[in-house]
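Asker: here are the coordinates; sequence isn't available:
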Ligand code: 5GP
Ligand code: MN
């Protein structure tokens, strides 16, 4: 954010606003951590702030302080619509184009509020009066910390805010191991621990919540894994029937795709997950090194994200999607096999 943006935000927050804060659909730790962290901060300034999420959060995030205040657009539709209509200021966090909020898109497009974007994905759209976009950032949570810092308010970071922001930084950096993790990230994380983030407890709350059926689903996913050594690529498929067999709950498949990358030599990984209700295959792509899955997803799967982690979707069957994927690999052999 430049000085002009900071002054602009200060000016906006100097008057009482009705604020709606929006995470992307199927919110992850960074989306929920950042929206909650920002909500706590804005409320401490005396602002009226509410989070409106396109759909529910996964169970492993429900313990986050304030999570029970989030309006779920799917379940609390009229309240959520009202919050969007009445808002004078809308923050969109952890996404950068309005197609990422599902059914909520038209309501955001019709909203009369001013928009502020805080996000670290590539190629932001131009819908906000203040766009704080930085693709070098580990997470939106790190950016919310910076945002509070720019406003001169790090002394207002409470243990609740610290717990929320720590969670998103931890989940988006794969527990501080991805390339986007910088010394600055660690300095911020250290600061958050000093302000009360309970790092051991957070890790346990997020990662030690397995159910037997989730581990069995993981077993199924790993059994389904296809390794294409010629392309240093591995992928996993999960059909709706398999998800049903293992009592799939939102968030259960989080992290499955990463197992492919733990194979020696594998640099490109994908998971294809059938969603019969939406009639789509949800796709997660991961890479190691400079093969950009963001570009790959934009080219072939109506999605995007970061260089090493992106998502997308397909409208054909699970089998056809996997076959389409395999057929694309020869075009990229030079980049995959170096
Ligand atoms: P995941 O595979 O964990 O769902 O997402 C990986 C990254 O890609 C995240 O930063 C996420 O926000 C982004 N992402 C996931 N799905 C989509 C999508 O359909 N479109 C775009 N533009 N980004 C996505
Ligand atoms: Mn993120």
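Answerer: Received it, and whenever you're ready, just let me know what you need. Please read these numbers as outputs of a predicted model, since none were measured by experiment. Ligands and ions are numbered 1, 2, ... in the order given.
Asker: quick one, what contacts residue 105?
Answerer: 98, 99 (C-beta atoms under 8 Å, 6 or more residues apart in numbering). Every residue, glycine included, has its C-beta placed from N, CA and C.
Asker: can I assume it sits in a helix?
Answerer: Yes - membership of residue 105 in a helix is supported by DSSP: H, G, I helix; E, B strand; the rest coil.
Asker: Next one: it from residue 298, what distance?
Answerer: Counting by C-beta to C-beta, to the nearest Å, the gap between residue 105 and residue 298 amounts to 18 Å.
Asker: Ligand 2 contacts on this protein?
Answerer: Within the chain, the residues that sit near ligand 2 (C-beta under 5 Å from the ion) are 30, 94, 140, 172.
Asker: and the helix or strand harbouring the first one, does that touch ligand 1?
Answerer: So the one you mean is residue 30. If you go by DSSP states H and E, residue 30 is part of helix 29-44. No - shown here: helix 29-44 not in contact with ligand 1 (C-beta under 6 Å from any ligand atom), separated by at least 7.5 Å.
Asker: The nearest residue to residue 37 once chain neighbours are set aside - how many residues pack around it?
Answerer: Using C-beta to C-beta, 6 or more residues apart in numbering and skipping the chain neighbours, the partner closest in space to residue 37 is residue 164 (3.8 Å). Residues lying near residue 164 (other C-beta atoms under 10 Å) number 31.
Asker: So for the helix or strand harbouring residue 164, mean pLDDT?
Answerer: Take DSSP H and E as the rule and residue 164 turns out to sit in helix 159-172. Here helix 159-172 scores 98 as its mean pLDDT.
Asker: Which residues outside it are in contact with it?
Answerer: Residues outside helix 159-172 that contact it (C-beta under 8 Å, 6+ apart): 28-34, 36-37, 40-41, 61, 64-66, 138-142, 144-145, 148, 157, 176, 178, 180, 185, 188-189, 192-193, 195-199, 202-203, 206.
Asker: rewinding a little: most surrounded residue in the residues of the chain next to ligand 2?
Answerer: residue 140 (32 neighbours).
Asker: doesn't residue 132 make contact with that one?
Answerer: No - here residue 140 lies out of contact with residue 132, judged by C-beta atoms under 8 Å, at a distance of 9.6 Å.
Asker: Mutual contacts of those two, please.
Answerer: 118, 119.
Asker: Return the residues of the stretch 151-300 of the chain in contact with ligand 1.
Answerer: residue 284.
Asker: how close does whichever residue of the stretch 151-300 of the chain sits closest to ligand 2 get to residue 185?
Answerer: The nearest approach of the stretch 151-300 of the chain to ligand 2 comes at residue 172, 4.5 Å away (C-beta to the ion). Between residue 172 and residue 185 the computed distance is 10 Å (C-beta to C-beta).
Asker: same check, this time on residue 228
Answerer: According to C-beta to C-beta, residue 228 stands 33 Å off from residue 185.
Asker: repeat for residue 26
Answerer: 24 Å.
Asker: Strands of the stretch 151-300 of the chain, residue ranges please.
Answerer: With DSSP state E, counting those that start in this stretch applied, the stretch 151-300 of the chain shows strands at 226-228, 233-238, 268-275, 280-287, listed in chain order.
Asker: Am I right that residue 46 is in a helix?
Answerer: No - Residue 46: not assigned to a helix; according to three-state DSSP it is coil.
Asker: contacting residues around it?
Answerer: Shown in contact with residue 46 (C-beta under 8 Å, 6+ apart): residue 16.
Asker: Check this structure for the residue nearest ligand 2 and tell me.
Answerer: Here the residue of the chain nearest ligand 2 is residue 30; by C-beta to the ion that distance is 3.4 Å.
Asker: Just give the closest residue to that residue, not the sequence neighbours.
Answerer: Once flanking residues are discounted, residue 30 sits nearest to residue 168: 3.8 Å by C-beta to C-beta, 6+ apart.
Asker: what about residue 33, neighbour count?
Answerer: Counted with other C-beta under 10 Å, residue 33 comes out at 33.
Asker: now swap in residue 78 and tell me
Answerer: Neighbour count of residue 78, defined by other C-beta under 10 Å: 7.
Asker: cool, and residue 68?
Answerer: A total of 7 residues lie near residue 68 under the criterion other C-beta under 10 Å.
Asker: swap in residue 151?
Answerer: Residue 151 has 16 neighbours, counted by other C-beta under 10 Å.
Asker: before we move on, what about residue 127?
Answerer: Counted with other C-beta under 10 Å, the neighbours of residue 127 add up to 15.
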